[in-house]
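**Q** Have a look at this prediction, sequence included:
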Amino acid sequence: MLHTVKHSPFSHQALAHALREFQPDDRLLLWQDGVIAATVAQSQAPLGQASWWQAPLQTLANSQRLYVMAEDLQARGLSQAIGQPISMLDWVDLVAKWGSPQAW
């Protein structure tokens with residue numbers, strides 16, 4: 001299943017809910033304000049200050065199951081630190097492959 005999260009982890013629990021429901025073969029797309037979660041890799045966080053979502057997202061990124069909407073990063077002036085940047089066309093391909101996404 002493809003999960004999508006569009007809310008910042010700083011202001012919403014959508015990412016926590018999505019990760020709780022995650023299955024071993026699932027994929028995650030961060031878009032809109034959700035891309036904020038992919039801007040700091042766990043290894044880049046100051047010692048003892050890693051956010052709760054960095055370890056699970058790093059695991060997903062390491063297994064090529066984390067996608068980040070490039071247009072949303074660009075619109076916010078951000079750069080992704082983890083995950084695979086994708087375009088809107090790539091998103092269409094993901095939906096075609098994985099079916100209707102679970103939106104959070």
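**A** Arrived safely, thanks for sending.
**Q** chain center to the lowest-mean-pLDDT helix or strand in the chain: distance?
**A** One helix or strand of the chain scores below all others by mean pLDDT, DSSP states H and E: helix 54-62, with a mean of 93. Relative to the centre of its chain, helix 54-62 is centred 9 Å away, using Cα atoms, centre = their mean, to the nearest Å.
**Q** Which positions within the helix or strand following that helix qualify as buried?
**A** Per DSSP states H and E, the first helix or strand lying C-terminal to helix 54-62 is strand 66-69. Buried residues in strand 66-69, counted by 16 or more other Cβ atoms under 10 Å: 66-69. No exception for glycine: its C-beta is placed from N, CA and C like everyone else's.
**Q** List phi and psi for the residue nearest to the spatial centre of the chain.
**A** Among the residues of the chain, the one closest to the centroid is residue 30, at 3.5 Å (Cα atoms, centre = their mean). Main-chain torsions, residue 30, degrees, to the nearest 10: phi -100, psi 130.
**Q** Cross-check the contact I'm expecting between it and residue 37.
**A** Yes. Residue 30 is within contact range of residue 37, at 5.7 Å (criterion: Cβ atoms under 8 Å).
**Q** between the two, what contacts are shared?
**A** Residues touching both residue 30 and residue 37 (Cβ atoms under 8 Å, 6 or more residues apart in numbering) are residue 5.
**Q** chain center to stretch 91-104: distance?
**A** 14 Å.
**Q** Which positions in it come out as buried?
**A** Residues of stretch 91-104 classed as buried by neighbour count (16+ other Cβ under 10 Å): 91, 94, 98, 101-102, 104.
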